[in-house]
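here is my input; please provide its structure:
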Amino acid sequence: MYPYSYLPKPSSATEFYILLVLAGSPLHRYAIKGAVANASLGSVLLKDGKLYPLLERLCEEGLVDMIRRAPAGKSGKERQYYGISGHGKIRLQEEAQRLGYAVEIMKGLGLFENTVPTDIQRLVLDAKTLPEA
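Next comes the predicted model:
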């Protein structure tokens, strides 16, 4: 029997990072985009056309709450601020358990013994596969 086998299906990377950044503090949509890009080291980039429906779905699922509306800067246009809900925090904890377990497996396989940054490892591997001149 595997530990944590009771966990629901994994969240997408986008959902995970949205919950992760909202766990810090409530943010408006534009700030969520930037925070997710930073937290994911640029691997998750949100587009407006996808962010808005995703936030709506996360609200419907009870993982995110629309906290407040406030005017934005010079335009005075209303901004909606979102925060993680109690259920969202639990979902984030479930994902952390799943990821933590995966990291432990990787450590057991010796995949973290190499202290060379992965981008350098990738360059070395790519150089080894180049045809000789």
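
in this protein, what residue spans correspond to helices?
Secondary structure of the chain, counting by DSSP state H: helices at 13-24, 29-39, 48-60, 86-108, 118-129.

in CSV, list those along with mean pLDDT and mean neighbour count.
In this view, the C-beta of every residue, glycine as well, is placed from N, C-alpha and C. As requested, those are arranged in CSV below (pLDDT from 0 to 100; neighbours: other CB atoms under 10 Å):
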stretch, mean pLDDT, mean neighbour count
helix 13-24, 96, 20
helix 29-39, 94, 17
helix 48-60, 92, 13
helix 86-108, 92, 14
helix 118-129, 82, 9
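
CSV please, covering the ones you listed and showing distance to residue 69.
Output for these, formatted as CSV (distance: least, CB to CB, whole Å):
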stretch, distance to residue 69
helix 13-24, 16
helix 29-39, 12
helix 48-60, 14
helix 86-108, 20
helix 118-129, 42
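
for residue 80, which of these is the nearest?
Ranking these by proximity to residue 80 (CB to CB) places helix 29-39 first, at 6.6 Å.

kindly export that closest one (C-alpha atoms) in CSV.
Provided in CSV are the C-alpha atoms of helix 29-39 (Å, rounded to 0.1, in the frame of the first residue of the first chain):
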residue,chain,number,x,y,z
ARG,A,29,-5.5,39.0,-11.1
TYR,A,30,-2.6,40.9,-12.6
ALA,A,31,-0.5,40.3,-9.5
ILE,A,32,-1.4,36.6,-9.5
LYS,A,33,0.1,36.4,-13.0
GLY,A,34,3.4,37.9,-11.9
ALA,A,35,3.6,36.0,-8.6
VAL,A,36,3.0,32.6,-10.4
ALA,A,37,5.6,33.4,-13.0
ASN,A,38,8.1,34.2,-10.2
ALA,A,39,7.2,31.2,-8.0
